[in-house]
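Colleague: here you go, sequence then predicted model.
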Amino acid sequence: MADAALRLTTLAEELLGTPLPVRIRAWDGSESGPADAPVLVVRSRRALRRLLWKPGELGLARAWVAGEIDIEGDLYEALDRIAGLLWDRGAETKSAIHPVRDPRVRAAARGLLALAGPWPPPPPPPEEVRRRSGPLHTKRRDKEAISHHYDVGNDFYALVLGPSMVYSCAYFDDSAEGLTLEEAQHAKLELISRKLALKEGTRLLDVGCGWGSMAMHAAREHGARVTGVTLSAEQAAYARKRIADEGLTDRVEIRVQDYRDVRDGPYDAISSIGMAEHVGSVQYREYADDLFALLKPGGRLLNHQIARRPEPNEEAYHVDEFIDAYVFPDGELAPVGRTVGTLEEAGFEVRDVESIREHYALTLRQWVANLEANWPEAVRAASRGRARVWQLYMAASALSFEHNKIGVNQVLAVRPGEGGASGMPLRARTWNPTSR
């Protein structure tokens, strides 16, 4: 009799102590659960062995990347329901699973073990990072982490990001028809350019320059002279070709270089867009000190960075297991208040903080749509597992931004000049770009 789905549902509800909010379809074709809910498809018993070996997020992620579980129906609704089941059931606990000493739970676990099939679990998918041991955020380890995330193929990123090749949130507007993704990315680059007061001859350092989009915008639209640094060789090669194709090689230089090794300051302005998340808490003060030293007095820093909510006990903060293993190895998020405080400790005067959280949710949904619309090409450009990593990561992140679990902020700071002068106009908020 095909009854794996019913057995799975029963066992899961015993372990979790609550009805499942999704329908289950098992490898034997059986189904169980609410008829109007998204379907969690368990294609193989290997998924159960992964969960038994690594209960919770990492086990689920490995099964997803390997294609052993899938979603039929609305992906966002399914992720929302599953997240609510596992992570949002009360501030008093991080785990929804009852203690293993509960006899019912022990019986359910034995039942799950019998259903899972032969031990041991499969090895992790090849897309999972293989980290070397040793201290975090050495230059060598940071370079390996950046390579894992960004050196997966420029063609893959082009399919996801679109022609702008900007891998940070766009800046939309409230018009009825709305901006396209490309228009919104242009608006974001222009917003940053205006906050930095870029003009003809401004010397700009773009830290973590990606595929060169900010550097090119600053040079083309404002006449800036730009140095971009990245740890990704693939990004640098792609950026240099784009710059040459647009005839901007006399204004833009792209280096494969750690920001800690930049020694040719002072610069008039620095942009750091979606890069500081890679720095890590142990290095953040050094990051702030280095950027301060690279700016001339009166120079401006625009730090565009994802932020998390503060923890009641900050010592309890831990990096999301799926993100750490598959997306941003060694990446860390900090509350925006800590970022502002560290910049001030380094000597900066923080002049403006703008939250653009909702914009990132809109951006991520468009990236997911791009990926799904170009799925066969994306799989060929990277791998099926890599495409599944990005699909899950971006969809789940969109929900996190929408539900105010994480945010993103642009912090504008100044290195004070003589006597504390900021060089800022008395009414500085004149930088919002026009809608189109």
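Modeller: In hand now; what should we look at?
Colleague: from here on, contacts and neighbour counts on C-alpha atoms
Modeller: Fine.
Colleague: ranges for the helices of the stretch 51-200 of the chain?
Modeller: Ranges of helices within the stretch 51-200 of the chain are 57-65, 75-86, 103-116, 139-150, 154-161, 181-195, based on DSSP state H, counting those that start in this stretch.
Colleague: give me the helices and strands touching the second one, please.
Modeller: Put plainly, it is helix 75-86. Applying 3 or more CA pairs under 8 Å, 6 or more residues apart in numbering; DSSP states H and E, one finds that helix 75-86 makes contact with helix 384-402.
Colleague: so can I have a markdown table of the helices of the stretch 51-200 of the chain showing distance to P126?
Modeller: Formatted as a markdown table, these follow (distance: least, CA to CA, whole Å):
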| stretch | distance to P126 |
| --- | --- |
| helix 57-65 | 9 |
| helix 75-86 | 24 |
| helix 103-116 | 22 |
| helix 139-150 | 12 |
| helix 154-161 | 17 |
| helix 181-195 | 32 |
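Colleague: how about the ones you listed, which one is nearest R7?
Modeller: helix 103-116 (8.4 Å; CA to CA).
Colleague: what's around V42, how many residues?
Modeller: Applying other CA atoms under 10 Å, we find 25 residues neighbouring V42.
Colleague: what backbone torsions are found at it?
Modeller: Here is the backbone geometry of V42 (degrees, to the nearest 10): phi -100, psi 100.
Colleague: is it true that it touches G67?
Modeller: No. V42 lies out of contact with G67 (CA atoms under 8 Å); the separation is 9.1 Å.
Colleague: so what pairs up with V252 in the strands?
Modeller: Taking DSSP bridges as the rule, V252 bridges to V226.
Colleague: need the contact list for it.
Modeller: V252 is in contact with 215-216, 219, 225-228, 243, counting by CA atoms under 8 Å, 6 or more residues apart in numbering.
Colleague: okay, it: pLDDT?
Modeller: At V252, the pLDDT value in this model is 98.
Colleague: cool, S133 as well?
Modeller: What the model reports as pLDDT for S133 is 60.
Colleague: for M275, which non-adjacent residue is closest in space?
Modeller: In space, and not counting its chain neighbours, M275 is closest to G208: 5.4 Å by CA to CA, 6 or more residues apart in numbering.
Colleague: scratch that, E311 is what I was asking about
Modeller: Y317 (6.7 Å).
Colleague: count the residues that sit near the one you found.
Modeller: Neighbour count of Y317, defined by other CA under 10 Å: 13.
Colleague: likewise R263?
Modeller: Neighbourhood size, R263 [other CA under 10 Å]: 10.
Colleague: contacting residues around P266?
Modeller: Contacts of P266 by CA under 8 Å, 6+ apart are 293-296.
Colleague: buried residues, stretch 272-286. List them.
Modeller: Across stretch 272-286, burial judged by 16 or more other CA atoms under 10 Å covers 272-281, 284-285.
Colleague: what's the offset of it from the middle of its chain?
Modeller: How far stretch 272-286 lies from its chain's middle: 14 Å, per CA atoms, centre = their mean, to the nearest Å.
Colleague: then stretch 311-326?
Modeller: 14 Å.
Colleague: what does it contact?
Modeller: Contacts of stretch 311-326 (CA under 8 Å, 6+ apart): 57-58, 61, 127-129, 329-332, 389, 393.
Colleague: farthest-apart pair in those, please.
Modeller: Farthest pair in the contacts of stretch 311-326, by CA to CA: E127 and E332, 19.9 Å.
Colleague: any stretches of the chain with poor pLDDT?
Modeller: Scanning the chain for pLDDT under 70 picks out 1, 86-106, 108-109, 131-134, 136-137, 139, 142-151, 176, 433-436.
Colleague: show me where it has its strands.
Modeller: Secondary structure of the chain (DSSP state E): strands located at 23-25, 31-32, 39-42, 69-72, 203-207, 225-230, 252-256, 267-273, 295-308, 349-355, 406-414.
Colleague: can you put the ones you listed in a markdown table and add distance to G385?
Modeller: Putting the strands of the chain into a markdown table (distance: least, CA to CA, whole Å) gives the following:
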| stretch | distance to G385 |
| --- | --- |
| strand 23-25 | 21 |
| strand 31-32 | 26 |
| strand 39-42 | 16 |
| strand 69-72 | 12 |
| strand 203-207 | 30 |
| strand 225-230 | 25 |
| strand 252-256 | 28 |
| strand 267-273 | 27 |
| strand 295-308 | 25 |
| strand 349-355 | 33 |
| strand 406-414 | 26 |
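Colleague: closest one to G337 among those strands?
Modeller: Smallest distance to G337 across the strands of the chain (CA to CA): 9.1 Å, for strand 295-308.
Colleague: next, count neighbours for the closest residue to R255 other than its chain neighbours.
Modeller: Spatially, and ignoring its direct neighbours in sequence, R255 is nearest to V229 (4.8 Å; CA to CA, 6+ apart). Number of residues near V229 (other CA under 10 Å) recorded here: 24.
Colleague: swap in the one 4 residues further on?
Modeller: Other residues lying near A233 total 17 when counted by other CA under 10 Å.
Colleague: do S30 as well
Modeller: Residues lying near S30 (other CA under 10 Å) number 15.
Colleague: check contacts around it.
Modeller: So S30 contacts 2-6 (CA under 8 Å, 6+ apart).
Colleague: how long is stretch 376-390 end to end?
Modeller: 14 Å (CA to CA, to the nearest Å).
Colleague: I should have written stretch 329-347 there, sorry.
Modeller: In stretch 329-347, first residue to last residue: 30 Å (CA to CA).
Colleague: from here on, call the first residue 613.
Modeller: All set: I'll call the first residue 613, so the last point we hit is now stretch 941-959.
Colleague: quick check: which of the helices of the stretch 663-812 of the chain is nearest to Q1022?
Modeller: Comparison of the helices of the stretch 663-812 of the chain against Q1022 by CA to CA identifies helix 793-807 as nearest, at 8.6 Å.
Colleague: what helices or strands is that closest one leaning on?
Modeller: Secondary-structure packing of helix 793-807 (3+ CA pairs under 8 Å, 6+ apart): helix 825-834.
Colleague: report the buried residues of the helix it packs on.
Modeller: Neighbour counts over helix 825-834 (16+ other CA under 10 Å) mark 825-832, 834 as buried.
Colleague: from these, which is closest to R920?
Modeller: M826 (24.8 Å).
Colleague: ok, that closest one touching K800?
Modeller: No. Look at M826 against K800 with CA under 8 Å: they stay out of range, at 9.4 Å.
Colleague: picking that back up, quick one: the residue nearest to M887 and A830, what's the gap?
Modeller: 15 Å.
Colleague: now R662
Modeller: R662 is 48 Å from A830, by CA to CA.
Colleague: try V952
Modeller: Separation of V952 from A830 (CA to CA): 25 Å.
Colleague: for the strands of the chain, which one sits closest to Q978?
Modeller: Shortest distance between Q978 and the strands of the chain, using CA to CA, is found for strand 1018-1026: 17.2 Å.
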